[in-house]
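A.B. asks: Prediction below, plus the sequence it came from.
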Amino acid sequence: MAETDGRADKARADKPKADTARTDTAHKVAAGPVELDEVRNGSGSPLVYLHGEDGLLFSGPVRDALGASFTVRAPEHPGWGRSDRPWYVNTVDDLSYVYLDYLDATLDEPAPLIGTSFGAWLAAEVAVKSTAKISSLVLVAPVGIKVADRETRDFVDVYASTTEQVAAATYGDGARPDLRALAADEFFYLAEAQEAMARYGFRPYLHDPALVHRLHRIDVPTLVLWGADDRFVREPDTYAAAWATAIGSNAEVASLPGGHRLEEQSPAAVADAVTAFVAGTAGSGVAGGGTAGSGAAGGAADMSVTAAAR
Amino acid sequence: MRDIRNYVFTEMPYPYLPPDETFESARVTLPNQLYDPEAGSELYDKYFDIYRAADELGLDVMLNEHHSTATCLDTAVPLSAAIVARETSRARILPLGNPISNRPDPVRVAEEMAMVDVLSHGRLQCGFVRGVPMEVSPQNVPPIGMYERFWEAAELIVKAWTTHDGPFNWEGRYFQARQVNIWPRPHQQPHPPIWVPTQSAGTGEQVARRNYNLATILTGTEGAARIFSTFRKAAVDAGFPEPGPDRVGYSGLMFVAHTEAEAAAGGEALRWYLQHNKVAPQFMDVPGYLEPDIRARILAKKARGEEPQAPIAHLTNAPLSELIDTGMFFVGTPDQVVEQVKAFDRQVGGCDNLLMMMHTGTMSFDTTYKSMKLCAEEVLPRLREELG
């Protein structure tokens, strides 16, 4: 086990673990020198789910829905829950190497990789390094690239906004979780999750300046999926198109009704879109195959394909 | 005889603000169109006149810095400390402190403080401070790992101060430095005394383990007693002699007057400081700044619709007598203030270094001067005598 941050270790040792929204028990998985907690749902061929800002706290429904078609493997990133965070893991780039190890350790064959918001950023950072264990990629409301000019943030600054402003930006007019229902250990989980986001996303704010220039390396079919009512991203259409353009011919963009937390607000529709996209890419999406997914969105009736990269 | 000192402090506020209800936050977001540079020049004159007068009266000087805020116009303690160093001749100068979790280059801090120490002929008392959460946005420093950066920076600064045989290199977790070889080196040997302010007993333990000096700010008598006690015990546990009262400092607010009526008026004037510190909650509760178990309780409160309050919010409208009884304020005639400080001193196990805010708001130079003069001439001599 890697040398971890002393304070986080102490805090974890003292505190109970939050089990909210977990429909299965956590497994310990060695990702190189780092040990991650992983939650599994469903059955079928594997699909790896990289959680967003709030960890696994509110993603139970979408992982359950995906579990109808896949064995969903959802590791907790270093800094969230009980996963190790070695002291030298401080950036999303650092995290991506943990996940390259994780994919090598857990998958015999390439599998679909899905990430939401921060998890989508992380998935992209992994995919630009190697798609050897990634058959297709679904980026749900990704953050992580810089599009607007130097005096304009691409996202609402959560560090300069009230709790209500953050919630309104994140969820729009749609459903949002009732935080009053959380137990004390779940608030602790959330506090650690927000601390982890401050570590990985404070400066530069929710992006890696180099990432956009590396996205062309993604050589598996990629779906960039947006909430039509995303208010966390300043200009969601422009931002999504920038992702697709940077990735190139392997990417397509689609949107679904919902806000930035699309997977929380429309879990069934997201699961349908992912399942259809993965089915549509089967056969063409072998590792390093590099062919565009065609007709990927066919299975989801309410999904509109809004843009396709060249 | 114990060397009881008072380090006079003004936070150098910009007091000409519209009513609180017309703006969201005095910190971080208040547009500086509300700042009149002409008035600002006069304010700096007044603030540095207060410090020069403190020196002439036999008092010492404390400074601090903040950023993007009307509550404090001192934006860089190396600057104000350098000014005070040249404008005074005998006062100790205590910047409390240099925000070394936020400063990108500790070697630069070592150089600046060495220069102030030499400029002042060895009168620097060097504070290092982690910084309040409201500094996180203006300084754009990650609110995580602040103490880890803090201690590594302090260690690098001390090494830079005490290395005299040519350059060394530093490749730490948080800081890297090349050919560290500062000129000038500090006047005091082996280096200026180091002070760390905190409101937490846990940090007090860390300070003790490094054999630095400890200050607490507005914790009240009870809080100071607890933190000082932890500090003294941790020092002994770490193998150092038990720190005496000269190793701790306490920051409250002080006004001394000839009559009780004048004193009460001065005490009410000091209340300005408590009442003019409006901060938007998002700049106070910054993820990562507090331990997650503490933040978990804040998040639970937020979920119920309660936003976090400034730590001193509950004091805003407390009766003056309560502020005095709890050790936040030291206000009265010289006799009364002597008794208040003696009671505080007894309850906290001895504290030689008073770090008293003696000016705030629109309080005039003359009003401040009279209070400082009584402190210097009638309070401190008696404290030295009676506590000695």
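C.D. replies: Ah, there it is.

A.B. asks: For the spatially most central residue of chain B, which residues are in contact?
C.D. replies: Central residue of chain B (CA atoms, centre = their mean): B:Leu96, 4.3 Å from the mean position. Neighbouring residues of B:Leu96 by CB atoms under 8 Å, 6 or more residues apart in numbering or on different chains: B:Met62, B:Leu63, B:Asn64, B:Gly127, B:Val129, B:Trp195, B:Pro197, B:Ala215, B:Ser251, B:Leu355. Using the backbone N, CA and C atoms, a C-beta is placed for each residue, glycine as well.

A.B. asks: The residue nearest to it when sequence neighbours are not counted: how many residues sit nearby?
C.D. replies: Closest residue to B:Leu96 apart from its sequence neighbours, by CB to CB, 6 or more residues apart in numbering or on different chains: B:Gly127 at 3.6 Å. Using other CB atoms under 10 Å in any protein chain shown, B:Gly127 is surrounded by 29 other residues.

A.B. asks: what's the answer for B:Gly332, then?
C.D. replies: Residues near B:Gly332, counting by other CB under 10 Å: 25.

A.B. asks: does the closest residue to it other than its chain neighbours belong to a helix or a strand, and which?
C.D. replies: Excluding the flanking residues, the one nearest B:Gly332 by CB to CB, 6+ apart is B:Ala263, at 4.8 Å. Per DSSP states H and E, B:Ala263 falls inside helix B:260-270.

A.B. asks: try A:Leu36
C.D. replies: Going by DSSP H and E, A:Leu36 is part of strand A:34-41.

A.B. asks: and what of B:Gln206?
C.D. replies: Assigned by DSSP H and E, B:Gln206 falls in helix B:201-209.

A.B. asks: now do B:Ala225
C.D. replies: Assigned by DSSP H and E, B:Ala225 belongs to helix B:220-237.

A.B. asks: Show me what that helix is packed up against.
C.D. replies: When contacts are defined as 3 or more CB pairs under 8 Å, 6 or more residues apart in numbering or on different chains; DSSP states H and E, helix B:220-237 sits against helix B:201-209, strand B:213-217, strand B:248-251, helix B:334-348.

A.B. asks: what residues does the longest one touch?
C.D. replies: When you say that, I think you mean helix B:334-348. In contact with helix B:334-348 (CB under 8 Å, 6+ apart) are residues B:221-222, B:224-225, B:228, B:245, B:248, B:250, B:254, B:256, B:260, B:263, B:324, B:327, B:330-332, B:351, B:354, B:374-375, B:378-379, B:382-383, B:386-387.

A.B. asks: Now it: buried residues?
C.D. replies: Residues B:Pro334, B:Gln336, B:Val337, B:Val338, B:Gln340, B:Val341, B:Phe344, B:Asp345, B:Val348 are the ones in helix B:334-348 that count as buried (16 or more other CB atoms under 10 Å in any protein chain shown).

A.B. asks: is it possible to export those residues to JSON lines including pLDDT?
C.D. replies: Putting those into JSON lines (pLDDT from 0 to 100) gives the following:
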{"residue": "B:Pro334", "pLDDT": "98"}
{"residue": "B:Gln336", "pLDDT": "98"}
{"residue": "B:Val337", "pLDDT": "98"}
{"residue": "B:Val338", "pLDDT": "98"}
{"residue": "B:Gln340", "pLDDT": "98"}
{"residue": "B:Val341", "pLDDT": "98"}
{"residue": "B:Phe344", "pLDDT": "98"}
{"residue": "B:Asp345", "pLDDT": "98"}
{"residue": "B:Val348", "pLDDT": "98"}
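
A.B. asks: which among the residues you listed gets closest to chain A?
C.D. replies: B:Val348 (28.6 Å; CB to the nearest CB).

A.B. asks: and that closest one, how far is that from B:Asp36?
C.D. replies: Computed with CB to CB, to the nearest Å, the distance linking B:Val348 and B:Asp36 is 41 Å.

A.B. asks: can you list the residues that contact the helix holding B:Ala263?
C.D. replies: Contacting residues not belonging to helix B:260-270 are listed as B:253-257, B:320, B:323-324, B:329, B:331-333, B:336, B:357, B:360-361, B:363, B:367, B:371 [CB under 8 Å, 6+ apart].

A.B. asks: that older thread, report the backbone C-alpha coordinates of the helix holding B:Ala225 in PDB.
C.D. replies: The C-alpha trace of helix B:220-237 is given here as PDB (Å, rounded to 0.1, in the frame of the first residue of the first chain):
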ATOM      1  CA  GLY B 220     -11.500  34.800  25.200                       C
ATOM      2  CA  THR B 221     -10.000  33.900  28.500                       C
ATOM      3  CA  GLU B 222     -11.300  30.300  28.400                       C
ATOM      4  CA  GLY B 223     -10.000  29.600  25.000                       C
ATOM      5  CA  ALA B 224      -6.600  31.100  25.700                       C
ATOM      6  CA  ALA B 225      -6.300  29.100  28.900                       C
ATOM      7  CA  ARG B 226      -7.000  25.800  27.000                       C
ATOM      8  CA  ILE B 227      -4.700  26.600  24.100                       C
ATOM      9  CA  PHE B 228      -1.800  27.800  26.300                       C
ATOM     10  CA  SER B 229      -2.100  24.800  28.600                       C
ATOM     11  CA  THR B 230      -2.000  22.400  25.600                       C
ATOM     12  CA  PHE B 231       1.000  24.400  24.300                       C
ATOM     13  CA  ARG B 232       3.000  24.200  27.500                       C
ATOM     14  CA  LYS B 233       2.300  20.500  27.900                       C
ATOM     15  CA  ALA B 234       3.200  19.700  24.300                       C
ATOM     16  CA  ALA B 235       6.500  21.600  24.700                       C
ATOM     17  CA  VAL B 236       7.400  19.600  27.700                       C
ATOM     18  CA  ASP B 237       6.300  16.300  26.000                       C
END
